[in-house]
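K.L.:
turn this into a structure:
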Amino acid sequence: MENLWQRMTVAAQQASAQGQLEIPPTECEIIADGGIDFVVRYAPQLAVDHPTPAQPPDASDRSQARSDNPFLPPDPALWVETLGQSHNLLLNKYSLLPLHGLITTAAFVEQSGLLNLADFSAIARVLDQVDGLMFYNGGPLAGASQTHRHFQLVPKDLGAGALPVEAAVHAWQRDPTQRIYPFVHRVHSLPNWQPETLLEAWQKLEYSWQACNLLITRQWMLVVPRTQASIDGLAINSLGLAGALLAKNLQDLALIRRLGPMTLLGQVCQGL
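P.N.:
Residues are numbered from 1 along each chain as shown. Presented below is the predicted three-dimensional model:
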């Protein structure tokens, strides 16, 4: 049976042929900073085709959230498969990677609400099939652009050969006194990726009372609380904490080069 990456590839090819999925060209460079080799993608076409969206509707306005909801109903052209009774796996319409999935709740659930066992059951179903990177932007301040609960799946190498932050995580696993970032974060090694294991780890690490970014692999879970969504117009989500930043214009690129990725992350995260 074909694996999940293969099924996503076929779905992406079909969606591209229908004009429902387009991956804009990017230029990449590596910037080493704070022990992490950050992948910086420059994609000026995004600024033209998909300008930075306005703030999502207020969480209290659920009717508006539903009326503007791209996940209800799921776009058939982007649909991959169901994940149990509570979640769907879709393709990300606005991706910079050939494979980028969205795990969405089948019914509307607030993005910034408490995560539960059903969420982690869907994540575990995916991790059973692929050794990928799962990430979650917990609210607008953490980079979420939709109020409907969704998690994201990308290949661990982020299209750059390796997951940038993983070397720092492995160093922490060898010596827990080492820090991955010079700002507040928590990390937990996973003995497995069963739903109950993931939920227990999340509950130990959880910053449910504020916005946060969450990264999950088969081996570890990492959480970083956030204080703001962007810095000088440069938006940062969970992939920034994984070691990947996106510049939509030359100003963004110059800012990343001038201040360095780790300094920029520190300005949108909670200080020690």
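K.L.:
sec struct for Met8, please.
P.N.:
At Met8 the chain is in helix, as set by DSSP: H, G, I helix; E, B strand; the rest coil.
K.L.:
next up, the contacts around the closest residue to it other than its chain neighbours.
P.N.:
Excluding the flanking residues, the one nearest Met8 by C-beta to C-beta, 6 or more residues apart in numbering is Leu99, at 5.2 Å. All C-beta spots, glycine's among them, are computed from the backbone N, C-alpha and C. Neighbour list for Leu99: 5, 8-9, 12, 154-155 [criterion: C-beta atoms under 8 Å, 6 or more residues apart in numbering].
K.L.:
what subset of the residues you listed is buried?
P.N.:
Neighbour-count burial within the contacts of Leu99 applies to 5, 8, 12, 154-155; the criterion is 16 or more other C-beta atoms under 10 Å.
K.L.:
those in helices, which ones?
P.N.:
5, 8, 12 (DSSP state H).
K.L.:
need the helices for the stretch 151-272 of the chain, in chain order.
P.N.:
In the stretch 151-272 of the chain, the helices defined using DSSP state H, counting those that start in this stretch lie at 166-174, 195-205, 238-242, 250-259, 261-268.
K.L.:
ok now the shortest one, how far from the chain's centre?
P.N.:
Meaning helix 238-242. 7 Å (C-alpha atoms, centre = their mean, to the nearest Å).
K.L.:
average pLDDT across it?
P.N.:
Averaged across helix 238-242, the pLDDT comes to 98.
K.L.:
residues making contact with it?
P.N.:
133, 135-137, 142-143, 152, 154, 158, 163-165, 181, 185, 213-215, 222, 224, 245-246, 261, 264-265.
K.L.:
helices or strands up against the helix or strand that contains Phe135?
P.N.:
In the assignment (DSSP states H and E), Phe135 maps to strand 132-138. Applying 3 or more C-beta pairs under 8 Å, 6 or more residues apart in numbering; DSSP states H and E, we find strand 132-138 packed against helix 117-129, strand 150-155, strand 212-216, helix 238-242.
K.L.:
out of these, nearest to Pro76?
P.N.:
Pro76 lies closest, by C-beta to C-beta, to one member of the helices and strands packed on strand 132-138: strand 150-155, at 17.4 Å.
K.L.:
ok, how many other residues are close to Ala43?
P.N.:
Using other C-beta atoms under 10 Å, Ala43 has 20 neighbouring residues.
K.L.:
for it, give me its contacts.
P.N.:
Contacts for Ala43 (C-beta under 8 Å, 6+ apart) come out as 24-27, 96, 246-248.
K.L.:
where's it relative to Lys248, distance?
P.N.:
To Lys248, Ala43 is 6 Å away according to C-beta to C-beta, to the nearest Å.
K.L.:
sorry, back to before: most neighbours, which of the contacts of Ala43?
P.N.:
Neighbour max across the contacts of Ala43 (other C-beta under 10 Å) = Ala247, 23 neighbours.
K.L.:
nearest spatial neighbour of that residue, skipping sequence neighbours?
P.N.:
Leu253 (4.0 Å).
K.L.:
over to Ala77?
P.N.:
In space, Ala77 is closest to Gln20, 3.9 Å off (C-beta to C-beta, 6+ apart).
K.L.:
so that neighbour: helix, strand or coil?
P.N.:
coil.
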